[in-house]
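Undergrad: Here is my input, please return the structure:
(4 chains)
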2 protein chains.
Amino acid sequence: MKTYREENYLKAIYQLADHDKTKAVSPTDIANWLEVKPPTVLEKLAILVKKNYVTYNKFDGAKLTSTGKEIALNIVRRHRIWETYLYKQLNFSWSEVHEIAEQLEHVNSDKLMDRIYDIIGKPDFDPHGDPIPNKQGRLPKSDRRPLSKSIKGCKCVVLGVSEHSEVFLNYLTEMHIGLNDKLVVEQINSYDDSLILGTKNKETILMSSKAAQQILVQCMKPNCGCK
Amino acid sequence: MKTYREENYLKAIYQLADHDKTKAVSPTDIANWLEVKPPTVLEKLAILVKKNYVTYNKFDGAKLTSTGKEIALNIVRRHRIWETYLYKQLNFSWSEVHEIAEQLEHVNSDKLMDRIYDIIGKPDFDPHGDPIPNKQGRLPKSDRRPLSKSIKGCKCVVLGVSEHSEVFLNYLTEMHIGLNDKLVVEQINSYDDSLILGTKNKETILMSSKAAQQILVQCMKPNCGCK
DNA sequence: TAATATAATTAGGATACCCTAACTATTGAA
DNA sequence: TTCAATAGTTAGGGTATCCTAATTATATTA
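TA: The predicted structure is shown next:
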């Protein structure tokens, strides 16, 4: 029996591991992520280990087993499908969809997910540019990389963001930067790595390195020389 | 804090009271409805009473307070809006929608409900003729009454059903009786209160009193004399 | 490296929900 | 009206989630 909480623990472990692949997922990380206390996490981890969804030890942290990963990716799939649906079909803004999808992702009906996925046109990526796992839990490939790794002169398309906070998303909206927009890197200030960008409206904007690290882009030409 | 279970208890009390307005809603009724045992219900009732959502005593049974009724009607509203949406927009069959709506009704987002309600065209009734409460918890008026209360010669329109079981809905389909169909009561057998009905295809069918009690109709003439 | 800060863990509790078994009150039928 | 069936209630548990406080282990840093 997978409860709503259990799904959230597995998803949290997946997302934390995905976010920083070099770092072990610690009980404290999970606790902060889910806004519970570490002992609560320890207790749940013991259960997840017993169910063979997770392995855990102090040094490697929590790791999903293949079964656990399958469940987590299914929730991620549902989440991203719902986000796309809310954005494309129900006219929610980029910054609104996450919270509602957090609830909808736990609705258990494969048939419903199939219908929704059909309607949005079976995309490989959600409106944030995050890949939608397929039913088998496989992720589509992409050449997305942070905008901060561009070289001068690079022309690229915005495919997503790494940070989903409302503050950041609102910042992008104010800057008139949205999904699938084209950007041109006109200048890179070597002092602080800030970028001067040309945007779709022929505006020229200055962007900090911090922000550029969170924007995921793909070069428009195959071997443009970006890292 | 209203949990998903709590919402279900309030909805159950509302629906049981609505279904038979003369009968007190007993703990056993609620237990059967929610598929739990009576002591579980008693325990929850004590909590709901303390929260002032419900009053309870052995003789009057469980009754919703105005606060409790408001919550219950909001859940009913969500449920019926989702059912309509699943049926009209996502092409689910009537027998499929209930189970999925049971889950979706607990998703908490007024904005989402507003969008969904807009898309289905802000109807007052769901496809089965059940009234959709407005945001203030007020039910749209209708003169729906059981077909079984018709007098001989009555001409009426089918507006809904009181029973939503698959068996019953399939029976109606077989009998070629659907929403908005016109019926004429040609004869009433006083022995068992069964009815002889004229239907849209000029068929004549016999219907038991049991079935007629579950079909909700409205007379086509204002003062036709039906009870 | 010793002192200190941080993380992991254990112990002990609380609440929400759900149960069975036993007891009491009510009702309904002989 | 009395006895048997049914409904309501109480007592006592169980699991899932979550907590605080205290303890132990690990890391960091002066």
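
Undergrad: what about the biggest helix by length in chain A and DNA strand D, touching?
TA: Residue-count comparison of every helix in chain A, with assignments taken from DSSP state H, identifies helix A:66-88 as the longest. No: using Cβ under 7 Å from any atom of the strand as the criterion, no contacts between helix A:66-88 and DNA strand D are found, and the smallest distance is 13.2 Å. C-betas here are computed from N, CA, C, even on glycine.

Undergrad: gap between the closest residue to residue A:213 other than its chain neighbours and chain B?
TA: Nearest residue to residue A:213 in three dimensions, chain neighbours excluded: residue A:148, at 4.5 Å (Cβ to Cβ, 6 or more residues apart in numbering or on different chains). From residue A:148 across to chain B, the span is 34 Å (Cβ to the nearest Cβ, to the nearest Å).

Undergrad: And residue A:62, by the same measure?
TA: For residue A:62, the distance to chain B under the criterion Cβ to the nearest Cβ works out to 27 Å.

Undergrad: what do you get for residue A:57?
TA: Plainly put, residue A:57 is 35 Å away from chain B if you go by Cβ to the nearest Cβ.

Undergrad: what does residue A:30 give?
TA: As judged by Cβ to the nearest Cβ, residue A:30 and chain B stand 23 Å apart.

Undergrad: quick one, phi psi at that residue?
TA: For residue A:30, the backbone dihedrals are phi -60, psi -40 (criterion: degrees, to the nearest 10).

Undergrad: How about the contacts made by the residue nearest the centre of chain A?
TA: Among the residues of chain A, the smallest C-alpha distance to the mean C-alpha position (Cα atoms, centre = their mean) belongs to residue A:130, namely 4.8 Å. In this structure, residue A:130 makes contact with A:80, A:160, judged by Cβ atoms under 8 Å, 6 or more residues apart in numbering or on different chains.

Undergrad: What parts of chain A come near DNA strand C?
TA: Along chain A, the residues adjacent to DNA strand C under the rule Cβ under 7 Å from any atom of the strand are A:26, A:27, A:28, A:38, A:39, A:42, A:56, A:57, A:58, A:61.

Undergrad: how far away is the residue sitting furthest away from the middle of chain A from DNA strand D?
TA: The outermost residue of chain A, judged by C-alpha distance from the chain's mean C-alpha position using Cα atoms, centre = their mean, is residue A:191 at 29.7 Å. Taking Cβ to the nearest atom of the strand, to the nearest Å as the measure, residue A:191 falls 27 Å from DNA strand D.

Undergrad: can I assume that residue sits in a helix?
TA: No: the assignment for residue A:191 is coil, going by DSSP: H, G, I helix; E, B strand; the rest coil, so no helix is present there.

Undergrad: sorry, back to before: look at the residue nearest to residue A:213 and say how many residues are nearby.
TA: Residue crowding around residue A:148 was assessed by other Cβ atoms under 10 Å in any protein chain shown; the count is 20.

Undergrad: right, and it touches residue A:216 too?
TA: No: using Cβ atoms under 8 Å, residue A:148 is not in contact with residue A:216, being 10.3 Å away.

Undergrad: all strands of chain A, in order?
TA: A:54-57, A:61-64, A:145-146, A:155-161, A:182-188, A:195-198, A:204-207, A:215-219 (DSSP state E).

Undergrad: Could you dump those strands into a markdown table with mean neighbour count, distance to DNA strand D and mean pLDDT added?
TA: As requested, those are exported to a markdown table (neighbours: other Cβ atoms under 10 Å in any protein chain shown; distance: least, Cβ to the nearest atom of the strand, whole Å; pLDDT from 0 to 100):
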| stretch | mean neighbour count | distance to DNA strand D | mean pLDDT |
| --- | --- | --- | --- |
| strand A:54-57 | 17 | 10 | 97 |
| strand A:61-64 | 21 | 11 | 97 |
| strand A:145-146 | 16 | 26 | 90 |
| strand A:155-161 | 20 | 28 | 90 |
| strand A:182-188 | 17 | 32 | 93 |
| strand A:195-198 | 20 | 31 | 94 |
| strand A:204-207 | 15 | 31 | 94 |
| strand A:215-219 | 21 | 29 | 91 |
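
Undergrad: Which of these sits closest to residue A:122?
TA: strand A:155-161 (17.5 Å; Cβ to Cβ).

Undergrad: Spell out which residues sit in contact with the residue nearest to residue A:168 when sequence neighbours are not counted, please.
TA: If the residues on either side of it in the chain are set aside, residue A:168 comes closest to residue A:214, at 6.2 Å by Cβ to Cβ, 6+ apart. Counting by Cβ under 8 Å, 6+ apart, residue A:214 makes contact with A:146, A:161, A:162, A:163, A:168.

Undergrad: switch to 7 Å and redo it
TA: The neighbourhood of residue A:214, defined by Cβ atoms under 7 Å, 6 or more residues apart in numbering or on different chains, consists of A:161, A:162, A:163, A:168.

Undergrad: which of those residues tops the neighbour count?
TA: In terms of neighbours by other Cβ under 10 Å, the contacts of residue A:214 top out with residue A:161 at 23 neighbours.

Undergrad: I'd assumed residue A:216 was in contact with that one.
TA: Yes: because the distance of 6.2 Å satisfies Cβ atoms under 7 Å, residue A:161 is recorded as touching residue A:216.

Undergrad: Now the common contact residues for the two.
TA: When Cβ under 7 Å, 6+ apart defines a contact, the residues bordering residue A:161 and residue A:216 alike are residue A:129.

Undergrad: I'd like the distance between residue A:43 and DNA strand D.
TA: 6 Å.

Undergrad: residues from chain A in reach of DNA strand D?
TA: Residues of chain A lying near DNA strand D (Cβ under 7 Å from any atom of the strand): A:3, A:5-6, A:34-37, A:39-40, A:43-44, A:47, A:58-59.

Undergrad: could you flag which of the residues you listed are buried?
TA: A:6, A:34, A:36, A:44 (16 or more other Cβ atoms under 10 Å in any protein chain shown).

Undergrad: Could you work out the most separated pair of those?
TA: Using Cβ to Cβ, the pair of these lying farthest apart is A:6 and A:36, separated by 13.1 Å.

Undergrad: Please report how far the nearest residue to residue A:63 once chain neighbours are set aside lies from residue A:36.
TA: Across the structure, with Cβ to Cβ, 6+ apart as the measure, the residue nearest residue A:63 apart from its sequence neighbours is residue A:55 (5.0 Å). Applying Cβ to Cβ, to the nearest Å, the value for residue A:55 to residue A:36 is 21 Å.

Undergrad: what do you get for residue A:177?
TA: Using Cβ to Cβ, which is the criterion applied here, residue A:177 is 35 Å from residue A:36.

Undergrad: What of residue A:120?
TA: In terms of Cβ to Cβ, residue A:120 sits 33 Å off from residue A:36.

Undergrad: circling back: please verify my assumption that the residue nearest to residue A:213 contacts residue A:209.
TA: Yes: counting by Cβ under 7 Å, residue A:148 touches residue A:209, with 5.6 Å between them.
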